[in-house]
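Trainee: Build me a model:
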Amino acid sequence: MANITGEKKKILLVDDDEIHLTTAELFLKDEYEIHKTQSGAEALEFLQNNKPAPKLIMLDVMMPNMNGWEVFKKIRAIDFLKNIPIVFLTSEDDEEDKKRAQKLGAADYIIKPFNFTDLKRRIKDVITKTK
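Mentor: The predicted model follows:
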């Protein structure tokens, strides 16, 4: 999804599974500028050191060392990042986690494996709402 100048909107994918990262990147790279990190710490470092900030963060919930919930809270605590929409990605189809994500203010909660056509639509919806 390019803006008026033809520049692609930046998305940060955060997932400890290289296959998920690569597959999502391949499917989305024609429309978005994709950046990938494999841990919460890497994601936070990327966000602190790469400006402008992405238009969307897609964040895996289940990661070692720092899970997606912890990463979410750390991102929200950084002033210039606190309004970036964050979409949780997870293999856990758990109602309590969906409610938790909604309560925290996540833009969406998507269950893996996902349908890529649906994923593109949901990404576009989130980015369009936050213009």
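Trainee: make it CA atoms for all contacts and neighbour counts henceforth
Mentor: OK.
Trainee: give the contact list for the residue nearest the centre of the chain.
Mentor: Nearest to the mean C-alpha position of the chain, counting by CA atoms, centre = their mean, stands residue 58 at 1.2 Å. By CA atoms under 8 Å, 6 or more residues apart in numbering, the residues touching residue 58 are 11-14, 86-89.
Trainee: hmm, try it at 6 Å
Mentor: Neighbouring residues of residue 58 by CA atoms under 6 Å, 6 or more residues apart in numbering: 13, 86-88.
Trainee: Now render those residues as CSV, adding secondary structure, pLDDT and neighbour count.
Mentor: Below are the contacts of residue 58 laid out as CSV (DSSP: H, G, I helix; E, B strand; the rest coil; pLDDT from 0 to 100; neighbours: other CA atoms under 10 Å):
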residue, secondary structure, pLDDT, neighbour count
13, strand, 97, 26
86, strand, 98, 23
87, strand, 97, 24
88, strand, 96, 24
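Trainee: tell me which element the residue nearest to the centre of the chain is part of?
Mentor: strand 56-60 (DSSP states H and E).
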